[in-house]
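Asker: Quick one: sequence plus predicted model below, questions after.
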Amino acid sequence: MRRHLKARYLVPAIVALVMIIYGAVTSVRNTRAILVDAKGVDHTHRVMIELESCLIAMLNLETGHRGYVITGQEEYLAPYHDALDAVDQQMEALKALTDDNPEQQARMQRVLDLVKRKKAELQDGIVARHDQGFAAAAAIVETNLGRSLMDEIRQIIDAMRDEEKKLLAERKQRMVKNFKDTNDVVVTTAAIALLAGVTGVVLLGLYLMAKDREVTLEQGKRKAEEADQAKTDFLAMMSHEIRTPLNAILGFGELLHESVVKPQDKHFANAIVTSGRSLLALINDLLDLSKIEAGKLELNPESVEMRRFAENLETLFAYRTREKGLDFSILLDRSVPACLGFDALRLRQVLVNLIGNAVKFTHNGRVTVTMHGEGDGEEMMLAVEVEDTGIGIDAVKLRDIFRPFYQVESQEARHYQGTGLGLSICERLVSLMDGEMGARSTMGEGSVFHLRVPVRRCEGAAEGTGASINDGMVDFNRLAPAKILVVDDVPMNRDLIRGYLHGTHHEVLEAENGEQAVMSCLRLRPHVVLMDLRMPVTDGRSAHAMLKASAETRDIPLVAMSASELLEGQPDLKRIFDGHASKPVSRERLYLELARFLPVHAAAATARPRAAVPVVIPASDRTWPELRPALERLCETRLPALVKLVPAQATAGFAGELAGLAESHDCPPLEDYARRLATAAGTMDVAEAGRLLEAFPGVIELIVADA
């Protein structure tokens with residue numbers, strides 16, 4: 001029996017190990033494929049840039065030639081000769097870049113032949129102008145040979161550009177597919193590994209129970225105590241091991257949700273984030289319950305400004321209640337002092353749970369929270385009532401709702417999700433605060449949950465960080481530019497922080513262990529260090545001691561990034577480190593933690609710099625006033641949103657509309673403008689695309705001006 005149980009609980013461990021290895025191998029293979037495609041994308045961008053440069057160099061060559069032919073002055077030949085050198089260099093570079101593509105090489109050879117003929121034609125014009133005068137040079141120009149050669153060069157370059165765009169789209173599609181496949185593999189293998197681990201734990205528990213039955217009562221008591229300690233240690237380790245992949249799942253899921261465009265992809269990404277948050281909430285409930293049972297949950301009283309405390313709760317539930325059409329209010333009675341001392345984190349946890357339940361089980365009517373004070377001395381009681389007009393609870397079952405994992409069984413209650421831990425944790429937290437908690441309810445009419453906790457009057461207002469996510473969307477550019485050192489032995493955790501800060505004006509530095517972190521701090525002087533605690537070589541605590549012992553680095557803020565809620569006690573971390581953020585760390589949590597150490601600006605510094613170079617369109621001897629209505633309509637309806645954000649896909653679509661108008665009205669200047677805008681959008685050149693979009697009203701006036 002014992003041998004059979006051992007074999008059974010070893011099987012899930014083997015399954016978990018196999019799935020982890022499979023996920024790692026698949027991730028490595030897909031990552032390599034992504035890197036190859038990324039290199040190809042970079043190569044394609046370079047080819048497209050060189051194509052544009054070749055065309056510009058040819059135009060410069062014609063401009064220098066035209067100046068000399070018209071004026072006959074030798075100084076106009078200097079730009080011509082410079083352009084000759086530039087054309088040769090661009091052609092050589094383009095030839096080298098396309099040597100891996102036979103079709104592009106064939107086109108390139110044709111371009112080289114045409115360029116050679118074009119240079120010969122220009123040289124003939126210069127010689128004729130020098131030896132025979134303007135009339136002879138004009139005669140050569142009037143043959144239109146140069147124009148036909150230039151048109152053919154443009155056509156071939158456009159064909160090469162189209163080929164590169166096709167290659168770029170294919171490579172990007174493969175990269176997106178590989179990213180999705182990697183994400184699917186990581187999520188699937190993590191779920192299977194977690195299921196196997198839970199199964200192994202259950203079987204291991206059966207084994208321990210069978211063994212316990214064979215020992216005496218005294219030994220059973222001792223084993224029970226050891227099992228309780230093992231449970232605490234196991235939860236601590238599982239907290240770290242589960243939070244580490246959750247950090248990547250939630251973080252990259254959030255980044256993926258922001259980056260994808262298709263509604264279906266956004267739905268999938270949102271499902272990943274929502275499921276991850278549900279799993280995180282369950283883990284947090286289990287850890288809180290275990291810490292309370294183990295007597296390791298400590299209260300940390302602080303000065304709390306009650307009006308701000310109430311406003312934060314009201315803001316938290318304002319959207320959910322408005323979405324359900326409920327009347328929601330938090331009433332702060334005059335008997336509540338402006339500032340009170342208590343553990344704001346734990347009382348807020350209790351009230352969030354109670355208000356959340358009230359909103360969940362109320363479909364019509366109201367949810368009202370009332371706070372009032374009892375007592376006139378320094379020590380007083382804070383009484384809170386959460387009243388709703390929801391479905392209510394049967395009086396017979398009301399006394400059981402505070403038991404762990406208990407859920408009221410009813411036909412309607414089965415539609416609500418939950419673990420049955422929330423109210424149990426709330427009741428124990430209130431008891432830990434030396435308070436009391438209860439409830440009264442009537443089926444179909446609603447419920448009232450009430451609690452009383454001892455508090456202390458205090459003077460002054462609570463201190464704040466000055467940065468709240470309620471001020472608007474999280475924008476790291478509101479924080480002063482800084483060098484941020486991320487210290488973590490897990491590459492995905494470092495990649496996540498880099499992903500959060502990508503595109504901002506902050507510089508992200510990386511280190512794999514505490515030893516590297518110390519060396520980086522001495523050499524690079526970062527403004528903030530985000531330090532993981534459990535690392536090989538040198539862990540976070542040892543690195544903290546070394547950095548604080550040095551006069552050169554002791555003033556650098558160190559923020560602990562911990563995934564182990566029980567092994568590393570938060571009060572201890574708060575005392576040692578300058579800041580602390582539990583994994584998985586969200587974008588909002590990272591922003592608030594950095595805002596404690598970096599100056600916060602009132603407005604985001606995300607505006608794009610305006611280019612000083614004007615947008616020039618090809619000169620033309622005619623205008624197209626018939627285009628005015630269509631162009632002005634686009635300027636009024638489409639342009640404002642594009643100028644504000646410069647989205648690549650929408651900008652490319654806008655350029656396509658302009659190209660269609662140019663083709664239908666035979667308008668080369670508009671066609672040239674649309675082509676440049678499409679190129680900037682296709683190559684993700686946001687600055688150039690923004691410059692072209694901002695110049696669009698002026699382009700309209702040049703194109704549609706009355707003759």
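Answerer: Thanks, I have the structure now. Residues are numbered from 1 along each chain as shown.

Asker: Can you give the distance of the helix or strand hosting Val28 from its chain's centre?
Answerer: With the criterion set as DSSP states H and E, the secondary-structure element containing Val28 is helix 2-71. Centroid separation between helix 2-71 and its chain, computed with C-alpha atoms, centre = their mean, to the nearest Å, is 20 Å.

Asker: what helices or strands is that helix leaning on?
Answerer: helix 77-97, helix 102-131, helix 134-142, helix 145-212, helix 668-682 (3 or more C-beta pairs under 8 Å, 6 or more residues apart in numbering; DSSP states H and E). Every C-beta, even on glycine, is put in place using the N, C-alpha and C of the backbone.

Asker: which of those sits most buried?
Answerer: When those are scored by mean count of other C-beta atoms under 10 Å, the highest mean neighbour count falls to helix 668-682 (a mean of 21).

Asker: so where's the stretch 551-700 of the chain uncertain?
Answerer: When the per-residue scores of the stretch 551-700 of the chain are filtered using pLDDT under 70, the ranges that remain are 563-574, 601-620, 644-648, 682-687.

Asker: nearest spatial neighbour of Ala543, skipping sequence neighbours?
Answerer: On the basis of C-beta to C-beta, 6 or more residues apart in numbering, the spatially nearest residue to Ala543 that is not a chain neighbour turns out to be Gly514, at 2.9 Å.

Asker: quick one, what contacts the one you found?
Answerer: For Gly514, the contacting residues are Val487, Met531, Met535, Val537, Thr538, Asp539, Gly540, Ser542, Ala543, Met546, taking C-beta atoms under 8 Å, 6 or more residues apart in numbering as the criterion.

Asker: Please apply the same query to Leu530.
Answerer: The contact partners of Leu530, by C-beta under 8 Å, 6+ apart, come to Ile484, Leu485, Val486, Val487, Asp488, Ile497, Val559, Met561, Ala581.

Asker: Could you measure from Thr637 over to Glu657?
Answerer: As for Thr637, its distance to Glu657 is 11 Å (criterion: C-beta to C-beta, to the nearest Å).

Asker: the more surrounded of these two?
Answerer: With neighbours defined as other C-beta atoms under 10 Å, Thr637 and Glu657 compare such that Glu657 has more, 13 against 9.

Asker: My read is that the more buried one contacts Leu634, right?
Answerer: Yes - using C-beta atoms under 8 Å, Glu657 makes contact with Leu634 at a distance of 6.8 Å.

Asker: Touching both of these two, which residues are there?
Answerer: For the pair Glu657 and Leu634, no residue contacts each of them under the criterion C-beta under 8 Å, 6+ apart.

Asker: got the CA coordinates for stretch 575-585 in PDB?
Answerer: The C-alpha coordinates for stretch 575-585 follow below in PDB (Å, rounded to 0.1, in the frame of the first residue of the first chain):
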ATOM      1  CA  ARG A 575      12.000  47.900   7.400                       C
ATOM      2  CA  ILE A 576      15.100  46.900   5.500                       C
ATOM      3  CA  PHE A 577      14.300  48.000   1.900                       C
ATOM      4  CA  ASP A 578      13.300  51.400   0.700                       C
ATOM      5  CA  GLY A 579      10.200  50.000  -1.100                       C
ATOM      6  CA  HIS A 580       8.500  46.700  -1.700                       C
ATOM      7  CA  ALA A 581       6.300  45.300  -4.500                       C
ATOM      8  CA  SER A 582       4.900  41.700  -4.400                       C
ATOM      9  CA  LYS A 583       5.000  39.600  -7.500                       C
ATOM     10  CA  PRO A 584       3.100  39.400  -9.800                       C
ATOM     11  CA  VAL A 585       3.800  43.200 -10.100                       C
END
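
Asker: Which of the residues in it are classified as buried?
Answerer: By neighbour count, and taking 16 or more other C-beta atoms under 10 Å as the criterion, the buried residues in stretch 575-585 are Ile576, Phe577, Asp578, Gly579, His580, Ala581, Ser582, Lys583, Pro584, Val585.

Asker: How far does it sit from its chain's centre?
Answerer: Computed by C-alpha atoms, centre = their mean, the separation of stretch 575-585 from the middle of its chain amounts to 20 Å.

Asker: Then stretch 689-702?
Answerer: Averaged C-alpha coordinates place stretch 689-702 at 32 Å from its chain's average position (C-alpha atoms, centre = their mean).

Asker: Can you mark which positions in it are buried?
Answerer: Burial within stretch 689-702, assessed by neighbour count using 16+ other C-beta under 10 Å, is assigned to Ala689, Gly690, Arg691, Leu692, Leu693, Glu694, Ala695, Phe696, Val699, Ile700, Leu702.

Asker: with those residues in mind, which one is nearest to Ala439?
Answerer: Distance to Ala439 across the buried residues of stretch 689-702 (C-beta to C-beta) is lowest for Gly690, with 57.6 Å.

Asker: so Pro526 is in which element?
Answerer: Using DSSP H and E, Pro526 is not contained in any helix or strand.

Asker: looking at it, it is touching Lys483, isn't it?
Answerer: Yes - Pro526 is within contact range of Lys483, at 4.4 Å (criterion: C-beta under 8 Å).

Asker: Which one's more surrounded, the two?
Answerer: Here Pro526 and Lys483 are compared on neighbour count by other C-beta under 10 Å; more neighbours surround Pro526, at 23 against 15.

Asker: so what's the more buried one up against?
Answerer: Contacts for Pro526 (C-beta under 8 Å, 6+ apart) come out as Ala482, Lys483, Ile484, Leu485, Leu509, Ser520, Ile556.
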